[in-house]
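Undergrad: Next comes the sequence, and after it the predicted model I'd like to discuss.
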Amino acid sequence: MILIDRLCYFSRLRYVNAGEKTAFSVLTLLACILSRSAMIGLFVLAATGVLTVHKGGIPLARYIKLLAAPGAFLLLGTSAILINVSRTPLDAFALPAGPYYITGSFEGLMQGQRLLLTALASVSCLYFLALSTPMTDILAVLKKLHVPALVLELMLLIYRFIFVMLSLASDITVSQHARLGNFSLASSRKSFVAMVSSVFILSIRRSGEIFDALESRCYDGTLRVLPEDHPAKLSEIVGIAAFELLLYLAVIFLKQSGGAR
Amino acid sequence: MKRPENYGKDPDILLEADNLTYTYEGESIPALNGLSLTIKRGKKIACMGANGSGKSTFFLCCNGIHRPSSGTLYLNGRPFGYTKRELLSLRRRVGIVFQDPDRQLFSASVRQEISFGPLNLGFSEEETLKRVTAVMEKLGITAFAHKPVHALSGGQKKLVSIADILVMEPELMILDEPAAALDPFYTETVYRIIEDITAQGVTVMTATHDVNYAYRWADEVILFDEGRILRQDKPVRLFSDDRLLAKVHLAPPMLLTLFRQLKSKGLIKENAPAPRSIRELNRCLAPTVSQNAPEA
């Protein structure tokens, strides 16, 4: 989370209009979900990968590591579809284990592969957005989409205070370690609980102080700030539109040819 | 309490506090306990006193965050009002830079953060952008305007929190321990900014524990003690009062001590005023000393 936040500020795509990036990310994500096709998944994975790594300048190794986290989850999830335990062997593979077989069908394999690729591709769409667009820009897009101001203000404050609270928590943890607070399992458990409770109390106090500070700058219930706006470029819009058009044509074609493979 | 006819009519007086009391909820000891003072327009004022002596509480009263339980505050001769409109006009005139930037900055974007005040005052987005850009230029923070607030250093956050208030162009700017937790570079930067602000005629009130800074910078020093004003005076006079300083556990400024010791040894010119800087001290050395100085 913190890593993604740091990376997105260095992305070369940061100053591309946030609306464009959001549209691209969401439309492509929808295409993945609608098609449920391994081919579309592979294609999207490649496209977002090129955009994030090549265009955005996010280091490839970092990107792969970031994808590996949800990837591992997906592998575990799909393994339930891929692998069966039954008395009768299925057509793809079968490993005898006593009276049972650890076995799988071609049907299952195809389904698992489809699921894995589309899910991973969907994640990569969101990563594209997260790794190129700072939170404040995303908030600006949501505002244009008429998301209620209250929700947006909460998001803004929560986002800012994640960092304040994290640094509080880490300061307290460091000072506990300096006094051997993690000496044994029992003491580190105790320290952790103490840290969490004091961060909670401090955060309540903080919220009061921030409210005073906001009030002293004439806060009246609405957080009014300048919009973060980077002008949209026609060439980019045309590019995104062309890409999505092709993608959706491919999705429709695959659906009609029945296979959706 | 009955006040004289011309009370609050002196055009030189910007802010006046009359017998303020304030007690925080759930506390038995009042934070302000009959505090009265006057702040003259255009002055540089250093507020000193131990932690918990009422400085910060008084500051929060100055722009209507806290409403004193009794007593009255006057701005430009008019008593504070606490309706929405009056508070708006009060807070545009009296700005507070809080001690810890992390307790003031709410936005993740520097530009959005600074734009908050002017937009609340009702300026258009174009006008706000113009003001925000100008202030960032003036404080030299344009370079990190596009960084997220949580990636800034402590000193950079401090500058942003000053810009927050400066952009609202207050008549009275209050800085609560502006140099707290800053490195020497940012301390000097902040002090220079404060100097610039006062040069433009803005009245500045700071809380500080640095006697040397208060001595060289301030026109007036106000000593807070247990929610009251112990003394409000010119720095030279106040810091020469050893008994008073001992009472509030303050050491006298180094320069003043040196000056007084030199004077007691007859090394200072007759009637020379107490110096506020090393250069001024040099000028008040007796001729014999000045001549001997290079060899010494």
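TA: Nice, I can see it.

Undergrad: Name the nearest residue to the residue of chain A most remote from its centre, ignoring sequence neighbours.
TA: In chain A, the greatest distance from the average C-alpha position (Cα atoms, centre = their mean) is reached by residue A:99, at 43.3 Å. Spatially, and ignoring its direct neighbours in sequence, residue A:99 is nearest to residue A:87 (6.6 Å; Cβ to Cβ, 6 or more residues apart in numbering or on different chains). (C-beta placed from N, C-alpha, C; glycine too.)

Undergrad: May I have the phi/psi pair for the one you found?
TA: Phi and psi for residue A:87, reported as degrees, to the nearest 10, are phi -80, psi -30.

Undergrad: mind listing what it touches?
TA: Taking Cβ atoms under 8 Å, 6 or more residues apart in numbering or on different chains as the contact definition, residue A:87 lies against A:99, A:100, A:101.

Undergrad: Next, format the residues you listed as a markdown table and append pLDDT.
TA: Formatted as a markdown table, the entries for the contacts of residue A:87 read as follows, by pLDDT from 0 to 100:
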| residue | pLDDT |
| --- | --- |
| A:99 | 86 |
| A:100 | 88 |
| A:101 | 87 |
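
Undergrad: In CSV, list these along with secondary structure.
TA: Written out in CSV, the entries for those read as follows (DSSP: H, G, I helix; E, B strand; the rest coil):
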residue, secondary structure
A:99, coil
A:100, strand
A:101, strand
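
Undergrad: Any idea how many residues pack against residue B:143?
TA: Residues within reach of residue B:143, counting by other Cβ atoms under 10 Å in any protein chain shown, total 9.

Undergrad: My reading is that it is in a helix; is that accurate?
TA: Yes: the assignment for residue B:143 (three-state DSSP) places it in a helix.

Undergrad: Quickly note the distance from it to residue A:156.
TA: Using Cβ to Cβ, to the nearest Å, one obtains 24 Å as the distance from residue B:143 to residue A:156.

Undergrad: how close does the residue nearest to residue A:99 sit to chain B?
TA: As for residue A:87, its distance to chain B is 58 Å (criterion: Cβ to the nearest Cβ, to the nearest Å).

Undergrad: Quick check: residues of chain A near chain B?
TA: With Cβ under 8 Å from any Cβ of the partner chain as the criterion, chain A meets chain B at residues A:5-6, A:9, A:134-136, A:156-157, A:159-160, A:163-164, A:206, A:209-210, A:212-220, A:223-228.

Undergrad: what about the stretch 101-250 of chain A, any weak spots by pLDDT?
TA: Counting by pLDDT under 70, the stretch 101-250 of chain A contains no low-confidence segment.

Undergrad: Where does the prediction get shaky in chain B?
TA: Checking chain B against pLDDT under 70 turns up B:1-9, B:288-296.

Undergrad: Now do the same for the residue nearest to the spatial centre of it: helix, strand or coil?
TA: Taking Cα atoms, centre = their mean, the centroid of chain B lies closest to residue B:206, which sits 1.6 Å from it. Residue B:206 carries the three-state label strand when classified by three-state DSSP.

Undergrad: unless I'm mixing things up, it is touching residue B:162, no?
TA: No: shown here, residue B:206 and residue B:162 do not form a contact pair, counting by Cβ atoms under 8 Å, at 11.4 Å.

Undergrad: between those two, what contacts are shared?
TA: The overlap between the contact sets of residue B:206 and residue B:162 (Cβ under 8 Å, 6+ apart) consists of B:175, B:178.

Undergrad: Tell me which of the residues of chain A next to chain B fall in helices.
TA: Where the residues of chain A next to chain B overlap with helices, as defined by DSSP state H, the overlap consists of A:5-6, A:9, A:135-136, A:156-157, A:159-160, A:163-164, A:206, A:209-210, A:212-215.

Undergrad: what lines up beside the strand or helix carrying residue B:95 in the sheet?
TA: Remark: residue B:95 resides in strand B:94-97, with elements defined by DSSP states H and E. Strands flanking strand B:94-97 in the sheet, each with its direction: strand B:172-176 (parallel) (DSSP bridges).

Undergrad: So what's the gap between the partner strand and the chain middle?
TA: 5 Å (Cα atoms, centre = their mean, to the nearest Å).

Undergrad: I'd like the next helix or strand past it.
TA: Next in sequence after strand B:172-176, counting helices and strands by DSSP H and E, comes helix B:184-199.

Undergrad: Report all helices and strands that that following helix contacts.
TA: The elements that helix B:184-199 packs onto, with contact taken as 3 or more Cβ pairs under 8 Å, 6 or more residues apart in numbering or on different chains; DSSP states H and E, are helix B:154-166, strand B:203-207, helix B:211-217.

Undergrad: Not counting its own residues, what contacts that helix?
TA: For helix B:184-199, the surrounding residues in contact (Cβ under 8 Å, 6+ apart) are B:42, B:44, B:138-139, B:154-155, B:158-159, B:162, B:166, B:173, B:175, B:178-179, B:182, B:204, B:206, B:213, B:217.

Undergrad: tell me the angle of it relative to helix B:154-166?
TA: What separates the directions of helix B:184-199 and helix B:154-166 is an angle of 10 degrees, with axes from the mean of the first three to the mean of the last three Cα atoms, to 10 degrees.
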